[in-house]
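Student: generate a structure from the sequence data that follows.
(chains A and B)
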Amino acid sequence: MSMPFYVSPEQLMKDRADYARKGISRGRSVVVLQYDGGVLFATENPSRALHKVSEIYDRIAFAAVGKYNEFENLRVAGVRYADLRGYSYDRVDVTARGLANAYAQTLGTVFTTESKPLEVELVVVEVGNDPAGDQIYRLSYDGSVADEHGWVVMGGQAERLASVLGDGWQPGMSLRDALALAVRVLGTPTEEAAQQRVLEPTGLEVAVLDRTRARRAFRRLTGVVLEGLVSGAVGTERGPRHDDEPDAGGGETSTP
Amino acid sequence: MSRTDANPSGRLPDAFTARFFAPGTASFVDFLASYAPDLLPGNRPVPAASAATELAAPRATTIVALVHDGGIVMAGDRRATMGSMIASRSIEKVFPADDYSAVGIAGTAGLAVELVRLFQLELEHYEKIEGSLLSLDGKANRLATIIRGQLGLALQGLAVVPLFGGYDLDKGAGRIFSYDVTGGRYEEHEHHAVGSGSVFARGSLKKRWRPGLDEAGAVAVAVEALMDAADDDSATGGPDAERAIYPVVATVGATGYRRVPDDDLAAATAAVLAARRAARGGDRR
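Tutor: Just a heads-up that it's a prediction; the model follows:
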């Protein structure tokens, strides 16, 4: 009769953490940073349809790195959670803190009880009425939550990029400056000596939570608006939500 | 996963339960039906109504909608009645369903407002999960499904009859849909009205609507139709200049949903009254 090998709990957890970290570090990085009018999300993503940054609720957005099918599941669960909560109580009662807690529970449970941890890292952001009211939560594969201030980098070479972003970021940046910084951070080469990569707007996925918008603060920056901001040619602080879709409703949108 | 993990208050004390990860649907109504069915208005048990007692619940009344060259206009008066009493003189019955559509409601006010909330959420939920807007026909069909779920309540005398309209981005035109209590969905051409004053409003729309109306002209026609309905139907409220309570008038076009400001409605109302005074040549009665 064969005896199962004894694996110490420390070793088991370490193996799982290494496995999850390896999966996460394969993906491209996502940067999240505050600017004067809200919070900016940027990542390298050539796909127009498979998003890493998404709207969850009126003032809440979600960004993720890692395995697409896993974080997409978490995103859908988050939208369902937020919509259910808003329907049962009121729209203002949906908070990023509650959502981050639900994600943390799920990630933690999967990490300890399932055979394979989720290879994802998430950021949940709620934009407030002023920069002091913004909340940024970073969630790891093991369910740990960190309350971040100002900026976050996740994914591939998070540590390396974080030093660049940390040096460049300051409170009260304009959207244009924040985006320029984000693009510079994303283009930082993997090796010390290598050249800075130049990123084309078409290969970027950029979105903002714009605190000045009436109800739904989330808006993707695509097409002409994004090109204008990246090249610094046009000032479009209040451009349309989608490049092909006018900013309809505005403050008129109401819920009975 | 048992039903007990579905806390009716919507609070999830521990984490997402398995239902949150169920693959497939982009519909909030379907999710609610599987997770917390008692939150769906049509799924709540209603005690059998006795013929002798009429439920004292406010009822919302007249909604009109018409197509014009750049989209649609939808308007609703501000009155809710409870028997012969006016329950509210400032209720709102026309809402944005999403950026490109509007929904107006007649019937039991409490249920109607809940249905609109559910319908708005249904469209937003789809948009967030799928990353794209539903087609206008898709939206109209979702509303039909929601109304169909209410049939039990309708049979108890708590009917809700919506009027739905929006701008079809594919066809580049405004379209209107009417419903019956069984969830029947009918596309209306030119114009339509629902609610207690709809008979009179339809008569007015028939005479005043014409092809080639622009948005301002359509707003004027809608305001006049509601004034005609208020003239002959006690459950429809006319414009109240004294308290500055005007109908809720919404336009939906290529640029999206817009609520017409009260100042414009005051002007439109005054114009209708002035025209009628002039037509009578000062002969007052």
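Student: just the strands in chain B please.
Tutor: B:59-60, B:63-68, B:71-76, B:80-82, B:85-88, B:94-98, B:101-108, B:160-168, B:173-179, B:185-188, B:191-194, B:248-253, B:256-259 (DSSP state E).
Student: to chain A, which of the ones you listed lies closest?
Tutor: Among the strands of chain B, the nearest to chain A by CB to the nearest CB is strand B:256-259 (1.9 Å). To be clear about C-beta, it is placed using only N, CA and C from the backbone, and glycine gets the same treatment.
Student: which helix in chain A runs the most residues?
Tutor: helix A:68-88 (DSSP state H).
Student: now the strands of chain B in CSV, with mean neighbour count and distance to chain A?
Tutor: Formatted as CSV, these follow (neighbours: other CB atoms under 10 Å in any protein chain shown; distance: least, CB to the nearest CB, whole Å):
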stretch, mean neighbour count, distance to chain A
strand B:59-60, 27, 11
strand B:63-68, 29, 14
strand B:71-76, 30, 11
strand B:80-82, 20, 13
strand B:85-88, 14, 13
strand B:94-98, 25, 5
strand B:101-108, 28, 9
strand B:160-168, 25, 9
strand B:173-179, 22, 14
strand B:185-188, 14, 22
strand B:191-194, 25, 17
strand B:248-253, 25, 8
strand B:256-259, 22, 2
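Student: among the ones you listed, single out whichever gets nearest to residue B:267.
Tutor: Residue B:267 lies closest to strand B:248-253 among those, at 12.0 Å (CB to CB).
Student: and that closest one, what does it pack onto?
Tutor: Secondary-structure packing of strand B:248-253 (3 or more CB pairs under 8 Å, 6 or more residues apart in numbering or on different chains; DSSP states H and E): strand B:71-76, strand B:94-98, strand B:101-108, strand B:160-168, helix B:215-232, strand B:256-259.
Student: can you redo those as TSV with mean pLDDT?
Tutor: Below are these laid out as TSV (pLDDT from 0 to 100):
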stretch	mean pLDDT
strand B:71-76	95
strand B:94-98	94
strand B:101-108	93
strand B:160-168	94
helix B:215-232	93
strand B:256-259	94
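Student: nearest to residue A:64, out of the ones you listed?
Tutor: strand B:94-98 (25.9 Å).
Student: neighbouring strands - and their directions - for that closest one?
Tutor: strand B:101-108 (antiparallel) (DSSP bridges).
Student: using PDB, list the CA coordinates for the strand it pairs with.
Tutor: Taking Å, rounded to 0.1, in the frame of the first residue of the first chain, the C-alpha atoms of strand B:101-108 are listed here in PDB:
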ATOM      1  CA  SER B 101     -35.600  55.000 -25.600                       C
ATOM      2  CA  ALA B 102     -38.400  56.200 -23.300                       C
ATOM      3  CA  VAL B 103     -41.200  54.400 -21.500                       C
ATOM      4  CA  GLY B 104     -44.500  55.800 -20.200                       C
ATOM      5  CA  ILE B 105     -46.800  53.900 -18.000                       C
ATOM      6  CA  ALA B 106     -50.600  53.800 -17.300                       C
ATOM      7  CA  GLY B 107     -52.300  51.700 -14.700                       C
ATOM      8  CA  THR B 108     -51.500  50.900 -11.000                       C
END
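Student: next, the angle from that strand to strand B:173-179.
Tutor: 20 degrees (axes from the mean of the first three to the mean of the last three CA atoms, to 10 degrees).
Student: and residue 139, how many residues sit next to it?
Tutor: Here I'm looking at chain A. Residues lying near residue A:139 (other CB atoms under 10 Å in any protein chain shown) number 25.
Student: looking at chain B here, not the other one
Tutor: Neighbours of residue B:139 using other CB under 10 Å come to 24.
Student: please name the residues that touch it.
Tutor: Shown in contact with residue B:139 (CB atoms under 8 Å, 6 or more residues apart in numbering or on different chains): B:97-98, B:101, B:123, B:164, B:166.
Student: hmm, try it at 10 Å
Tutor: B:97-98, B:100-101, B:103, B:119, B:122-123, B:126, B:133, B:164, B:166, B:168, B:177 (CB atoms under 10 Å, 6 or more residues apart in numbering or on different chains).
Student: what packs against the longest helix of chain A?
Tutor: Here helix A:68-88 touches strand A:53-57, strand A:60-66, helix A:96-113, strand A:120-126, helix B:28-35, helix B:109-130, going by 3 or more CB pairs under 10 Å, 6 or more residues apart in numbering or on different chains; DSSP states H and E.
Student: report the mean confidence score over that helix.
Tutor: This predicted structure assigns helix A:68-88 an average pLDDT of 92.
Student: repeat that for stretch A:129-146.
Tutor: Rounded mean pLDDT across stretch A:129-146 is 93.
Student: what does stretch B:32-48 give?
Tutor: 79.
Student: list the buried residues for it?
Tutor: B:32-33, B:35-36, B:39-42 (16 or more other CB atoms under 10 Å in any protein chain shown).
Student: now distance to residue B:182 too, for the helices and strands packed on strand B:248-253, in CSV please.
Tutor: Converted to CSV, the helices and strands packed on strand B:248-253 look like this (distance: least, CB to CB, whole Å):
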stretch, distance to residue B:182
strand B:71-76, 23
strand B:94-98, 21
strand B:101-108, 14
strand B:160-168, 11
helix B:215-232, 25
strand B:256-259, 28
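Student: who wins for proximity to residue A:48 among the ones you listed?
Tutor: Of these, nearest to residue A:48 by CB to CB is strand B:94-98, at 21.6 Å.
Student: adding distance to residue A:189, write the helices and strands packed on helix A:68-88 out as CSV.
Tutor: CSV is the format used below for the helices and strands packed on helix A:68-88 (distance: least, CB to CB, whole Å):
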stretch, distance to residue A:189
strand A:53-57, 24
strand A:60-66, 19
helix A:96-113, 31
strand A:120-126, 22
helix B:28-35, 45
helix B:109-130, 36
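Student: which of those has the lowest mean pLDDT?
Tutor: Among these, helix B:28-35 scores lowest, at a mean of 87.
Student: is it positioned near chain A?
Tutor: Yes. Applying CB under 10 Å from any CB of the partner chain, one finds helix B:28-35 touching chain A at B:28, B:31-32, B:35.
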